[in-house]
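S.K.: Sequence plus the predicted model coming up.
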Amino acid sequence: MNVLPPVGDVRACSPVASGGPRAPDPRPAAAYVAQGHQLSRSGRFAEAEACYRKAIEADPRHPMAHNNLGWTRQMQADDDGAVEAYRRALQLDPGLRIARRNLAVQLTRLGRRLDSLPLWCEELKAGPEGVAWLDRLVATAMQDRDLTLAGDLAAILAQYRWGSRWYPPPGPGSERPFSIHPPARFLTIPKLRHDVEQFLYLQHRGVLGPEFTPIIRAYEHLVGRLSSPGLPARMPIDGETERSIGYVYNRLVHVRHTPRLRRALSDTWSAAAVESQYLDRPPGVVVVDDFLSREALASVRLFCLESTVWSANRYAHGRLGAFFRDGFNCPLLLQIAEELRDTLTRVIGPRYPLRQLWGFKNERYLPGDATIHADFAAVNVNFWITPTEANLDDAGGGLVIHGVDAPAGWNFDAYNSRPDLIKPFLRRQGARTITVPYRGNRAVIFNSDLFHATAELNFRPGYENRRVNITMLYGDREHDVHHRGLGHPDPTGGPNARSTAWRSAAFARVAPSA
């Protein structure tokens, strides 16, 4: 997670100005810092530490020597020593960005997130480079299978992007931990209606107070105004709307605390049977009922009902998405992801790290096959948490999986959002279809390459009856070793995309850097 400073960094050769006696000659200290850098690059951390200590002896006010000392102490598992050294580097040079970054990550890794927030605030306010760097840190932590750290980093990123006057809570001195500037937000009637229902639900549960009543009325007024004929289904927030609801719309108002439990997965299903069916019966589709323990199911359901994390409203038919880096993130969800990895060792195990985690909410009705697509991962775990009684069609409401995978030559746009290409391709392949009806607490574990879609939905009215599904994606499509013989080439050549263009631009943007 840390970035070793380059040899010859200007800061490494310059003393920090101070009053009193003339600063020590920086040249011997700079030489020791350069030598320590080379030793650190070779993994010789104890020897590098000795060099940095000699540099500090030559010049006690050399900030880069203290920063690099912290790095070597961290590499040798002296966490407190690393924190102390990073803090000293920042005391000597408050503008030393690498020390600020190292200290912020180290404190977060040690579970001291509140202590780290002022550092993250400074880093993220410095510009888009800091936000992109934090984004990459999340991906790197996921690649390293450190989901606790990934979750903490993603939560900080979500707070910065989507925070509000209500969330996160004020820091020391009642100051907001971040200067909040959300990404571009768009108005849709389904999103506004959902939020009205959610605010009323939260008021009923005592989470939100009466101050939200005029906000709810403003939302309802806006729904009426946007229902006028001729207006687009999705539009940017204009100045008037920004003034009336911009401080709350598509922001984090409440994220329910949802801690880990003794056990998240139910003990009623057999991991060995699941793995055997997935691996030995192509194309790799397994249905698991009673997927979560009762306590875990109830907790995850409350997290989805209460948390105002449903910010993605670019989908048709009123579907709302919530994503890991945008607030769909709690310790229990990460526990489920870890238990799946450690329980299904042959299907997931250490081979496939968690790549993405999201949830979707639907309105009452969704036409069948409206969401047909494939995903960029190796293994897809999709589970449903709304009670079975909310579904009005016992044979529907679930998942339709086609026994054909996306051709390697198709790019992300083609296999993820082009039904005009996908459906003719499936017909040419004579694809066999597996339909899995909806049941609460049911999971479908399947080869993520396979084209799939939400089945036609017909659910009861009411906020608590909205269908919620959660998806966890493991591994990379290109590294899938379980179903290599399944491939179906497209005889038409598909969309003429390069064979390597298999993932979304958004995913590529946050991929771990070398």
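M.R.: Here it is on my side, so go on.
S.K.: following whatever helix or strand residue 342 lives in, which helix or strand comes up?
M.R.: Using DSSP states H and E, residue 342 falls within helix 331-343. Counting by DSSP H and E, the next helix or strand C-terminal to helix 331-343 is strand 354-361.
S.K.: Now do that next one, average pLDDT.
M.R.: Regarding strand 354-361, the rounded mean pLDDT is 97.
S.K.: Check which helices and strands that strand sits against.
M.R.: strand 320-323, helix 331-343, strand 468-474 (3 or more Cβ pairs under 8 Å, 6 or more residues apart in numbering; DSSP states H and E). All C-beta atoms are positioned from the backbone trio N, CA, C, and that covers glycine.
S.K.: and of these, who's closest to residue 381?
M.R.: strand 468-474 (4.5 Å; Cβ to Cβ).
S.K.: what angle separates the closest one from strand 354-361?
M.R.: 170 degrees (axes from the mean of the first three to the mean of the last three Cα atoms, to 10 degrees).
S.K.: How about the contacts made by residue 138?
M.R.: Counting by Cβ atoms under 8 Å, 6 or more residues apart in numbering, residue 138 makes contact with 150, 153-154, 157, 324-325, 510.
S.K.: Tell me the pLDDT of it.
M.R.: Residue 138 is given a pLDDT of 98.
S.K.: same question, residue 170
M.R.: pLDDT at residue 170 comes out at 71.
S.K.: Same check on the one 4 residues further on?
M.R.: According to the per-residue confidence, residue 174 scores 45 in pLDDT.
S.K.: Can you get me a residue count around the closest residue to residue 283 other than its chain neighbours?
M.R.: Closest residue to residue 283 apart from its sequence neighbours, by Cβ to Cβ, 6 or more residues apart in numbering: residue 403 at 4.8 Å. By other Cβ atoms under 10 Å, the residues close to residue 403 number 20.
S.K.: got it, and residue 367?
M.R.: Neighbour count of residue 367, defined by other Cβ under 10 Å: 12.
S.K.: what sits against it?
M.R.: 317, 456.
S.K.: Residue 227 versus that one, what's the distance?
M.R.: 21 Å (Cβ to Cβ, to the nearest Å).
S.K.: residue boundaries of the strands in the stretch 1-150 of the chain?
M.R.: Counting by DSSP state E, counting those that start in this stretch, the stretch 1-150 of the chain forms no strands at all.
S.K.: C-alpha coordinates for the helix holding residue 342, CSV please?
M.R.: The C-alpha trace of helix 331-343 is given here as CSV (Å, rounded to 0.1, in the frame of the first residue of the first chain):
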residue,chain,number,x,y,z
PRO,A,331,-18.6,-5.4,7.9
LEU,A,332,-21.3,-8.1,7.5
LEU,A,333,-21.4,-8.0,3.7
LEU,A,334,-17.6,-8.3,3.7
GLN,A,335,-17.9,-11.2,6.2
ILE,A,336,-20.3,-13.0,3.8
ALA,A,337,-17.8,-12.5,1.0
GLU,A,338,-14.9,-13.9,3.1
GLU,A,339,-17.0,-16.9,4.3
LEU,A,340,-17.9,-17.7,0.7
ARG,A,341,-14.2,-17.6,-0.3
ASP,A,342,-13.1,-19.7,2.7
THR,A,343,-16.1,-22.2,2.4
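S.K.: Can you list the helices and strands that that helix packs against?
M.R.: Other helices and strands packing on helix 331-343, by 3+ Cβ pairs under 8 Å, 6+ apart, are helix 147-162, helix 294-306, strand 354-361, strand 468-474.
S.K.: Columns mean neighbour count and distance to residue 79 on top of those, output as CSV?
M.R.: Formatted as CSV, the helices and strands packed on helix 331-343 follow (neighbours: other Cβ atoms under 10 Å; distance: least, Cβ to Cβ, whole Å):
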stretch, mean neighbour count, distance to residue 79
helix 147-162, 23, 13
helix 294-306, 19, 30
strand 354-361, 22, 25
strand 468-474, 23, 30
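S.K.: Distance from stretch 135-153 to the middle of the chain?
M.R.: Centroid displacement of stretch 135-153 relative to its chain, using Cα atoms, centre = their mean, to the nearest Å, is 9 Å.
S.K.: Look at that stretch and report the distance between its end residues.
M.R.: Length of stretch 135-153, first residue to last, Cα to Cα, to the nearest Å: 8 Å.
S.K.: Just give the nearest non-adjacent residue to residue 378, would you?
M.R.: Leaving aside its sequence neighbours, residue 378 sits nearest to residue 475 (Cβ to Cβ, 6+ apart; 3.2 Å).
S.K.: Distance-wise, check the one you found relative to residue 336.
M.R.: 17 Å.
S.K.: out of those two, which sits in the busier spot?
M.R.: Relative neighbour count places residue 336 above the other of residue 475 and residue 336, with 26 against 23, counting by other Cβ under 10 Å.
S.K.: and the closest residue to the more buried one other than its chain neighbours, how many neighbours?
M.R.: Spatial nearest neighbour of residue 336, chain neighbours left out: residue 264 (4.7 Å); criterion: Cβ to Cβ, 6+ apart. Using other Cβ under 10 Å, residue 264 is surrounded by 23 other residues.
S.K.: returning to that earlier point: mind checking which of the helices and strands packed on strand 354-361 is nearest residue 377?
M.R.: strand 468-474 (3.6 Å).
S.K.: tell me which strands and helices that closest one is in contact with?
M.R.: helix 294-306, helix 331-343, strand 354-361, strand 379-384.
S.K.: how about TSV for those, with distance to residue 269 added?
M.R.: Shown next, in TSV, are the helices and strands packed on strand 468-474 (distance: least, Cβ to Cβ, whole Å):
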stretch	distance to residue 269
helix 294-306	13
helix 331-343	10
strand 354-361	20
strand 379-384	12
